[in-house]
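K.L.:
Build the 3D model from these lines:
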Amino acid sequence: MNNGRLLSLGAGRLRTVAAILISEVNQVIPVSRMIDLAWDADPPARARGVVHNHVHRLRQLLAGQAEIVTRGRGYVLIADPWAVDANRFQSLVSGAREAEPRTAVAKLRQALGLWRGEVLADVPGDRVRRTLGVGLTQARVAALQELGERLLLLGRYGELITELTGWLAEHPLHEELTALLMRALQASGRQAEALDHFHRTRRHLKGQLGIDPGPALSETYLAVLGGKPAVAPHFPDRRSAGPGPAAPYVPDRPPAPLPSVAQLPPRIPDFCGRAREIAALDQNLDRVPRPDCVVLAGGGGAGKTTLAVHWAHRLKTEFPDGQLFVDLRGFERPPMRPGTVLGMFLQALGVPDEKIPDPVTERSALYRSLLAGRRMLVVLDNAGTAEQVRPLLPATPGALAVVTSRRRLSGLMIRDGAALVTVGPLPADEALELLGTALGRQRIAAEGAAARELVERCDRLPLALRIAAARLMAHAGWSLADWTKKLADESHRLCELSAADPDLSMEAGLYLSYRALSSGAARLFRLLGLVPRPDVEVHAAAALAGRDLERTRRYLAELCEAHLFEEQAGGHFARTELVRIYAAKLVASEETPGDRELARQRLLAHTARSRLRPG
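P.N.:
From the prediction side, this is the model:
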């Protein structure tokens, strides 16, 4: 509405962009997040321009009523928060919690009266509806439950029965509201109807999710059946309790036993190092509230899986209800689909094949229901995207997901509150320790200088160091100095750091990360192989690629997300030697001589201009 006039936004993404801005009024929303939400994480090349055009159109439509301003790399809709129904709803619900019953009922009815159907039902895009709508939908149910409790207290059973009967006809799986309706029916002398509602809900739960009613709803049923007053059952509080640490989760009673699940692969017996990363993992485990997900992110060969498995075995006693493990093959073709993984997990948790539902959303709901109240560890190895991981995350405070990926999976941190632990090259002392564990500490001590040079030639990466150690053990007559000399030849270094198994190769690992890049980021990565230095400055990268600064920054951000580069201060981006060597190999094989020469000339011209600038 604009000054009482209904605005027409059409049915396209203009409506989606408006919904994103309105949902976080007076908050800066990065354009990258708007693109991610509006196109379900699969934007076209011109997405940024489309967003700019939509914002321009909205500015015209809202002129005189609200203002959309540019802040940094995003936009902010400046308006009265009370002009947004969602904010008015939250404020009214919050005020009702402190009010006496009759006033609370009035406020809650006013809040619930602001709803006109499902949240964002007329906004295109599944992702934006899930991201912006799920919290509001849960708040609506919590407000309805709050209203019910106040109506029960006031003895207004008829109003409550009418309210809940309509809601549960459309949402028959809500156990909290079913229990509330049963209490209202019992208080009205309609015991048979209360029992009938329980059995109807039990059939829905069994038929759609393959589960039985939870302990709280079952206790309400037993109370009604025995003719006893059904007191308010305990359900986990879904309402926001404001800032402050959450209390530890303690279930009312132990959940039904599950089959023994211990899917962790064996750990490497000679694991060493990674003291910083293990300390960071332990700290996340001790945080209050504790994150439900921790991402171990790092480039190929950094030893993410080895670290995750080692830490998981070390913490098995913290998760006595079992451990699930899957290789998601996120950078292979095809990757594991979430629905397939959920089917495997549900089978492991004892669900018969015929009881496993087909839709991914229902499989995920059943999986989370089975994990509720249990202390389980879920290791999701080699993830490709946040979307591949999200349906597999447990939703109970007793469980923890550990995700490994070549990418940072920033979406999990932004949307799901995941913690991030970066797994990079080992510190020099830990790299020497790993080499000494494999070859013998006396040998390392005897050839100290060669050993130190060797670990640097391997970029201090565990996979490269283990390959080098295996090659040395296979050639007992070679000294560390001999092997270091072989690795000094950059044209053969990647070849030397490979084993008979095609998966155990530094070049193969780099190829998987490179193949997952967008075409623009992949070409910039190749062209940077023409730069002999380990780092590059953003303006030089733009000149080399012949692209504008904004697009170059976006491509460099993608390379950093994939752990092929690391952003430094002052607009510089650094890479390891093996990454630089691989890029040099790619640019020689995949770019024409003419394109390589043009790129060099653009870089030389940029360098000359930079030297002529004063200061």
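K.L.:
just how off-centre is stretch 577-584 within its chain?
P.N.:
How far stretch 577-584 lies from its chain's middle: 29 Å, per CA atoms, centre = their mean, to the nearest Å.
K.L.:
next one: stretch 339-358
P.N.:
Counting by CA atoms, centre = their mean, stretch 339-358 is centred 23 Å from the centre of its parent chain.
K.L.:
same question, stretch 148-167
P.N.:
For stretch 148-167, the distance to the chain centre is 39 Å (CA atoms, centre = their mean).
K.L.:
in the helix or strand containing Ala608, what counts as buried?
P.N.:
Assigned by DSSP states H and E, Ala608 belongs to helix 593-612. Buried residues in helix 593-612, counted by 16 or more other CB atoms under 10 Å: 596, 599, 602-603, 606. Backbone N, C-alpha and C define where each C-beta goes, glycine included.
K.L.:
And the contacts of it?
P.N.:
With CB atoms under 8 Å, 6 or more residues apart in numbering as the test, helix 593-612 has contacts from 527, 530-531, 539-540, 543-546, 587-588, 591.
K.L.:
repeat that for 10 Å
P.N.:
Here helix 593-612 makes contact (CB atoms under 10 Å, 6 or more residues apart in numbering) with 523, 526-531, 536-537, 539-546, 587-588, 591-592.
K.L.:
for stretch 355-366, same thing?
P.N.:
Outside stretch 355-366, the residues within contact range by CB under 10 Å, 6+ apart are 130, 173, 206-211, 337-347, 349, 351, 367, 390-393, 395.
K.L.:
Just the buried ones from those residues, in PyMOL syntax?
P.N.:
Remark: buried members of those, expressed as a PyMOL selection using 16+ other CB under 10 Å:
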select buried, resi 209+210+211+338+339+341+342+343+345+346+349+351+367+390+391+392+393
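K.L.:
How about the backbone phi and psi for Pro172?
P.N.:
Note on Pro172: backbone dihedrals following degrees, to the nearest 10 are phi -80, psi 0.
K.L.:
how would you label the closest residue to it other than its chain neighbours: helix, strand or coil?
P.N.:
Leaving aside its chain neighbours, Pro172 sits nearest to His204 (4.6 Å; criterion: CB to CB, 6 or more residues apart in numbering). Using DSSP: H, G, I helix; E, B strand; the rest coil, the structure places His204 in helix.
K.L.:
quick one, what contacts His204?
P.N.:
Taking CB under 10 Å, 6+ apart, we find His204 in contact with 168, 171-174, 178, 213.
K.L.:
Now intersect those residues with the helices, please.
P.N.:
Among the contacts of His204, DSSP state H puts 168, 178 in helices.
K.L.:
wait, which of the contacts of His204 is closest to Ala451?
P.N.:
Relative to Ala451, the closest of the contacts of His204 is Leu173; by CB to CB it sits at 61.8 Å.
K.L.:
Quick one: the helices in the stretch 451-600 of the chain, in order.
P.N.:
With DSSP state H, counting those that start in this stretch as the criterion, the stretch 451-600 of the chain has helices at 462-474, 480-488, 490-496, 506-515, 519-527, 538-545, 549-561, 577-590, 593-612.
K.L.:
Equivalent analysis for the stretch 101-250 of the chain, please.
P.N.:
Going by DSSP H, counting those that start in this stretch, the stretch 101-250 of the chain shows helices at 101-112, 126-154, 157-170, 175-187, 191-209, 215-225.
K.L.:
just checking, what packs against the shortest one?
P.N.:
Identification of packing neighbours for helix 215-225 by 3 or more CB pairs under 10 Å, 6 or more residues apart in numbering; DSSP states H and E yields helix 175-187, helix 191-209.
K.L.:
how far off helix 175-187 does it point, in degrees?
P.N.:
10 degrees (axes from the mean of the first three to the mean of the last three CA atoms, to 10 degrees).
K.L.:
Helix or strand next in line after helix 215-225, which one?
P.N.:
Next element after helix 215-225 (DSSP H and E): helix 275-286.
K.L.:
roughly how far is the helix holding Ala608 from the heart of the chain?
P.N.:
Distance, centroid of helix 593-612 to centroid of chain: 40 Å (CA atoms, centre = their mean).
K.L.:
And stretch 565-580, by the same measure?
P.N.:
With CA atoms, centre = their mean, you get 25 Å for stretch 565-580.
K.L.:
Pull out the buried positions in it.
P.N.:
For stretch 565-580, by 16+ other CB under 10 Å, it's 565-566, 573, 575-576, 578-580.
K.L.:
and the end-to-end length of it?
P.N.:
Across stretch 565-580, the terminal residues are separated by 10 Å (CA to CA, to the nearest Å).
K.L.:
can you check stretch 149-167 too?
P.N.:
End-to-end distance (CA to CA), stretch 149-167: 16 Å.
K.L.:
List the contacts of that stretch.
P.N.:
For stretch 149-167, contacts defined as CB under 10 Å, 6+ apart pick out 96, 99-109, 112, 140-141, 144-145, 147-148, 174, 177-178, 180-190, 193, 197, 232.
K.L.:
Quick check, Gly436 in contact with Arg452.
P.N.:
No: using CB atoms under 10 Å as the test, Gly436 is too far from Arg452 to be in contact (11.7 Å).
K.L.:
Quick one: low-confidence residue ranges for the stretch 151-300 of the chain.
P.N.:
226-259, 288 (pLDDT under 70).
K.L.:
Now for Gly436 and Arg452: what residues contact both?
P.N.:
With CB under 10 Å, 6+ apart as the test, Gly436 and Arg452 both reach Ile444.
K.L.:
which residue is nearest the centroid of the chain?
P.N.:
For the chain, the residue nearest the mean C-alpha position is Leu412 (1.9 Å; CA atoms, centre = their mean).
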